[in-house]
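Chemist: What shape does this take:
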Amino acid sequence: MTALLSAEGLCKSYTRRSLIRAQAPREVLSGVSIAVAPGESLAVLGRSGSGKSTLMRLLMGLEKPSAGRVSFRGQDLQHLDAAGTRNFRASVQMVFQDSIGAVNPRFRLGDIVAEPLRHLTALDKRARTARVAELLASVGLCPEDARKHPSQVSGGQLQRVCIARALATDPALLVLDEAVSNLDILLQGQIIDLIRSLRTQRGMALVFITHDLRLVRLLCERVAVMDAGRILETGPVDRRLQLQSRAGRALQDAILPALPKAKGMHAGAGLEDVNVG
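Modeler: As a prediction, this is how the structure comes out:
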């Protein structure tokens, strides 16, 4: 089966320049290869500075690799024509960590959700309005919320708006970049449950970028552990989730707060059942 999204031998270096001279390039990613199958949920796990956000930007086509390639359904992103790029943008959507920074505060919520519909679909204004109402309802908001501005809703509601926007084009893959890290425990549980439900309904693939090992078991079937710009190990997310790499073990041994509970967990699952340490 052809991977939905894949990376082969990705390297990324940044050159820091000063007024006097350019400094030696700093390598952030080195030889990273990874693939996401259709419908699969993959966690990219690593501490801050491990390179996972840089990997995300390359996978999304927001930056070009220094070496290696990213492919969508077997086609190199750098070789896509205009139609191919448009299809990629519609098929791979993202939810960022900072919902406030990810929206225009002057826009109403309905305009925020409709943004990808305006640019990536042929829907007319009436059809876009109906689609926005449908999307808001799908994330537990009211169609009337479309008239509100970001400052008039809570952080959890605004993150739901960002999820609705990401779902507008019926993507095949949803990328979540620390998408619940800024929320409190209760809201984390609500958003995780929402994403699980939407993924089941739509059959989307999922890439969940996180430093929080607790959340991996709730959302993902497979995990890749990153450190120092490399993928150290990959494996299935089973009941105990015993990681073998030094970086993976460090994340397991970290002291963590109480785990947000998501609906749909197996009967009898308490905190001890999802303690991955």
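Chemist: quick one: terminal-to-terminal distance for stretch 113-130?
Modeler: Using C-alpha to C-alpha, to the nearest Å, one end of stretch 113-130 lies 11 Å from the other.
Chemist: List the buried residues of that stretch.
Modeler: Neighbour-count burial for stretch 113-130 flags 113-114, 116-117, 120-121, 128-129 (criterion: 16 or more other C-beta atoms under 10 Å). In short, each C-beta sits where N, CA and C put it, glycine included.
Chemist: Enumerate every residue touching the closest residue to residue 195 other than its chain neighbours.
Modeler: Sequence neighbours aside, residue 219 is the residue nearest to residue 195 in space, at 6.5 Å (criterion: C-beta to C-beta, 6 or more residues apart in numbering). Counting by C-beta atoms under 8 Å, 6 or more residues apart in numbering, residue 219 touches 41, 43, 192, 195-196, 206, 208.
Chemist: what's the most distant pair in those?
Modeler: 43 and 196 (13.4 Å; C-beta to C-beta).
Chemist: out of the two, which sits in the busier spot?
Modeler: Legend: neighbour count by other C-beta atoms under 10 Å for residue 43 and residue 196, higher for residue 43 (28 against 18).
Chemist: tell me which residues form a beta bridge with residue 71?
Modeler: Beta-bridge partners for residue 71, by DSSP bridges, are residue 6, residue 76.
Chemist: pLDDT value on it, please?
Modeler: At residue 71, the model reports a pLDDT of 96.
Chemist: Neighbours of it, how many?
Modeler: Counted with other C-beta under 10 Å, residues neighbouring residue 71 total 19.
Chemist: ok, and the most crowded of the contacts of residue 219?
Modeler: Result: residue 43 is most packed of the contacts of residue 219 (other C-beta under 10 Å), 28 neighbours.
Chemist: Assess the claim that it and residue 218 are in contact.
Modeler: No. In this structure, residue 43 is not within contact of residue 218 by C-beta atoms under 8 Å, at 10.0 Å.
Chemist: now the spatially most central residue of the chain: how far from residue 44?
Modeler: Centrality entry for the chain: nearest residue to the mean C-alpha point is residue 176, 1.5 Å, by C-alpha atoms, centre = their mean. In this view, residue 176 and residue 44 are 10 Å apart by C-beta to C-beta, to the nearest Å.
Chemist: Mind listing the shared neighbours of the two?
Modeler: In contact with both residue 176 and residue 44: 207-210, using C-beta under 8 Å, 6+ apart.
Chemist: Tell me the secondary structure at the residue lying closest to residue 33 once chain neighbours are set aside.
Modeler: In this structure, residue 33 finds its nearest non-sequential neighbour in residue 8, 5.2 Å apart by C-beta to C-beta, 6+ apart. Counting by DSSP: H, G, I helix; E, B strand; the rest coil, the backbone at residue 8 sits in strand.
Chemist: now swap in the one 4 residues further on and tell me
Modeler: The local conformation at residue 12, judged by three-state DSSP, is strand.
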